[in-house]
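Visitor: Curious how this folds, go ahead:
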Amino acid sequence: MNKKKRLANKKHRKNITRVKNLNKLSLKKVKKKLVVKKEVVVEENQNTEVVEKKASAKKAAAKKTTAKKTATKKAPAKKK
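Guide: The predicted model follows:
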């Protein structure tokens, strides 16, 4: 029984390594995509957004809520 298990595992290992090697080869053959730089446009948009956020933050900080006072507890009545 041990021999059969060993042979089955060997077949599975060979199959897995074959699939991995095929995958590596196919990934090497793929042409690399050229990345178009759009960083300059993004930076300009970020600068304007930062200015808008600062202006809106000043408007929102107008009101503050007051802290509520808790009611004082009365001492229990003394028994006569």
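Visitor: can you tell me how far Asn15 sits from Ala8?
Guide: Between Asn15 and Ala8 the computed distance is 11 Å (Cβ to Cβ, to the nearest Å). Every C-beta, even on glycine, is put in place using the N, C-alpha and C of the backbone.
Visitor: What residues of whichever strand or helix holds Arg18 count as buried?
Guide: Taking DSSP states H and E as the criterion, Arg18 maps to helix 2-29. Going by neighbour count (16 or more other Cβ atoms under 10 Å), nothing in helix 2-29 comes out as buried.
Visitor: Mean pLDDT per helix and strand in the chain: which one sits at the bottom?
Guide: Least confident element among the helices and strands of the chain, by mean pLDDT, DSSP states H and E: helix 39-60 (a mean of 57).
Visitor: For the helix holding Arg18, the averaged confidence score.
Guide: Mean pLDDT, helix 2-29: 91.
Visitor: Who are the packing partners of it?
Guide: Using 3 or more Cβ pairs under 8 Å, 6 or more residues apart in numbering; DSSP states H and E, no helix or strand is in contact with helix 2-29.
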